[in-house]
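Engineer: Sequence first, then the predicted structure:
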Amino acid sequence: MEKFPWWSDEHVKLQKDVRALMDQLAPREIESRWTREFPFDIYEKIGAAGFTGAGIPKEYGGMGLGCTGACIVAEEIHTYSPGVGRIVVGNMMGGVRQLLDCGTEEQKKKWLPRIAQGELGCVGITEMTAGTDASGMELEAKLDGDNYILNGKKRFIVGAGLAQHYIVYALTGNTPEERKKYRHLSAFIVEKGAPGFTTERINEILGFENVQNGSLDFENVVVSKENMIGGHGDGWKVLMEGLQFERTLISASASGWQRTLLQYTVPYAQRRIQFNKPTIDQAGNQSKIADIIMRLKMTRLSVYYTSYIWDLGMDVAVESSMVKAMGAEATMASAMDATQVMAGDGVNRFYPIQNIFEVAKTDYIAGGTLEACRLVVFRSGLKLMAEDMKMPRREISKILGVPVPAVGPVAKKLALNEENVLSVLAEDYRVNQGLHMTLGDIQEYVTADDAGLSAVLEELAKQGLIMAQRTKKGGIYLAKANYAGLEKAYPKEYYRWAPDFITEDRRF
């Protein structure tokens, strides 16, 4: 696939190098899917090449190619390997951003070079009652001198039983105030072989032929304070830093899978003869292939724009969750189209289409459900894009009598009193019949602070002239003139309007 204009020469070289290595490893990777074994040998070669350190700064033994470099590795490996790529991404996300953004200098020097050299790592978030609601964890970590004692369980952990280190989030505070402020969790690095730390069960997961997933058990596991990432109660912050990186890399993986679909679907349709013609000549197949191309192009653009602004240090809360959700849905849609084009050969394991179909559905859940990603986009989007979502001020056209965009701010604001506030609410009824006004909306027309305006609105409500929506504390935050208020503000004729083509006998 094409490089992007903002890639450095090192990024371009990285893409070629990863592709060259995966060309050699592809046969072995396919074999490991049939035998259901984890191919340590493949992973060791990827680590030896330094690719697991693509996103790690050079001073810590990495390539220093940022999120863009990590995405290039994720995409190229997943183009060849729907399975092993998961562990590579798991390694790169398994502590990289958490350590870079929240770790001490000593922790960075200790762990990042090991990850860059290919040491297996994974993340422990999900529990029996903590899935999409990640804050609902119950794995407990109690302070005991210079150590924390961990007791509890984790589940759905990619790399369980294989990883050398685990980024684990645990409950270290349980007061209502701590939970309200998301200060009830802390993050720890737990090393394989720690007494009391075991793999409880290995799961059978859709599309995980050569990837291990399992449940973890912690029984009085001793973890030094030195292995806490961030401070006591910083776990939620650490978790979110890791999730944003993970979701961006997962979307890069989706690009790789979509490329594989295209690599097989088009040549297949060019060679498959039905009714004495290649099936690619059928209009329905051409439409499906066009959709696969479009989804791939849009996914890659979204992925590498997100990684680019990440490397610039910009906030990617919206973009990382957005591309994760869109990438998973695009891969699933393209896998369905590819399956339909390839028919029977799309649902057997002699081609990779079925495997990608399965892993695409798994990615509706892994790394955060699509619903959780959309919730992040909703909440962060409302905050970060507040100015973009501000409804333009409108007014009634003196010529047509219909709402039109207003030019500039109100020329002369009204004084604060009940009559003027009610007239503003009544005028808004003409512009937005079904909407309430916020205090800010009213303040565009009336000179008032929040306290003064609230007092007037309370009086209007007491008189039964407005409808009011209140906060949990009882204050008014939305108001609208009711029928009595409209009637008091203006005569009925003021509100009447009909288009010119309505004749007099049909007007009222």
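Structural biologist: Yes, it's here.
Engineer: Got the confidence number for residue 508?
Structural biologist: For residue 508, the model assigns a pLDDT of 62.
Engineer: Offset the numbering so it begins at 39, please.
Structural biologist: Got it, the first residue is 39 from now on, which makes the last one we talked about residue 546.
Engineer: Bridged to residue 507, which residues?
Structural biologist: residue 516 (DSSP bridges).
Engineer: show me the contacts for it.
Structural biologist: Shown in contact with residue 507 (CB atoms under 8 Å, 6 or more residues apart in numbering): 474, 514, 515, 516, 517. In this view, the C-beta of every residue, glycine as well, is placed from N, C-alpha and C.
Engineer: need the strands for the stretch 439-546 of the chain, in chain order.
Structural biologist: 441-443, 475-476, 504-508, 514-519 (DSSP state E, counting those that start in this stretch).
Engineer: With respect to burial, which of the ones you listed scores highest?
Structural biologist: strand 514-519 (a mean of 22; mean count of other CB atoms under 10 Å).
Engineer: Restrict stretch 409-419 to CA atoms and write it as PDB.
Structural biologist: Coordinates of each C-alpha in stretch 409-419 appear next as PDB, following Å, rounded to 0.1, in the frame of the first residue of the first chain:
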ATOM      1  CA  GLU A 409     -20.500   0.800  22.200                       C
ATOM      2  CA  ALA A 410     -17.800   1.800  24.600                       C
ATOM      3  CA  CYS A 411     -15.800   3.500  21.800                       C
ATOM      4  CA  ARG A 412     -18.900   5.400  20.700                       C
ATOM      5  CA  LEU A 413     -19.500   6.500  24.300                       C
ATOM      6  CA  VAL A 414     -16.000   7.900  24.400                       C
ATOM      7  CA  VAL A 415     -16.500   9.700  21.100                       C
ATOM      8  CA  PHE A 416     -19.800  11.100  22.400                       C
ATOM      9  CA  ARG A 417     -18.500  12.400  25.700                       C
ATOM     10  CA  SER A 418     -15.100  13.600  24.400                       C
ATOM     11  CA  GLY A 419     -16.700  15.000  21.200                       C
END
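Engineer: Tell me how confident the model is about that stretch, as a mean pLDDT.
Structural biologist: Rounded mean pLDDT across stretch 409-419 is 93.
Engineer: Stretch 228-237 now?
Structural biologist: 96.
Engineer: Mind listing what's buried along that stretch?
Structural biologist: 228, 235, 237 (16 or more other CB atoms under 10 Å).
Engineer: domains in the protein, as residue ranges please.
Structural biologist: Domains of the chain are assigned by automatic domain parsing as 39-158+273-427, 432-545.
Engineer: what about the last one, distance to the chain center?
Structural biologist: Distance of domain 432-545 from the chain centroid (CA atoms, centre = their mean, to the nearest Å) equals 39 Å.
Engineer: ditto for the first one
Structural biologist: Using CA atoms, centre = their mean, the mean C-alpha position of domain 39-158+273-427 is found 14 Å from that of the whole chain.
Engineer: and that domain, how far apart are its ends?
Structural biologist: 36 Å (CA to CA, to the nearest Å).
Engineer: May I have the residues that are in contact with the closest residue to residue 393 other than its chain neighbours?
Structural biologist: Nearest residue to residue 393, sequence neighbours excluded (CB to CB, 6 or more residues apart in numbering): residue 120, at 5.2 Å. The contact partners of residue 120, by CB under 8 Å, 6+ apart, come to 245, 295, 298, 390, 393, 394, 397.
Engineer: Just those residues: which are in helices?
Structural biologist: Counting by DSSP state H, the contacts of residue 120 place 295, 298, 393, 394, 397 in helices.
Engineer: a markdown table please, covering these and showing distance to residue 83, neighbour count and pLDDT.
Structural biologist: Shown next, in a markdown table, are the ones in helices among the contacts of residue 120 (distance: CB to CB, whole Å; neighbours: other CB atoms under 10 Å; pLDDT from 0 to 100):
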| residue | distance to residue 83 | neighbour count | pLDDT |
| --- | --- | --- | --- |
| 295 | 21 | 30 | 95 |
| 298 | 20 | 23 | 95 |
| 393 | 21 | 21 | 89 |
| 394 | 23 | 26 | 91 |
| 397 | 22 | 29 | 88 |
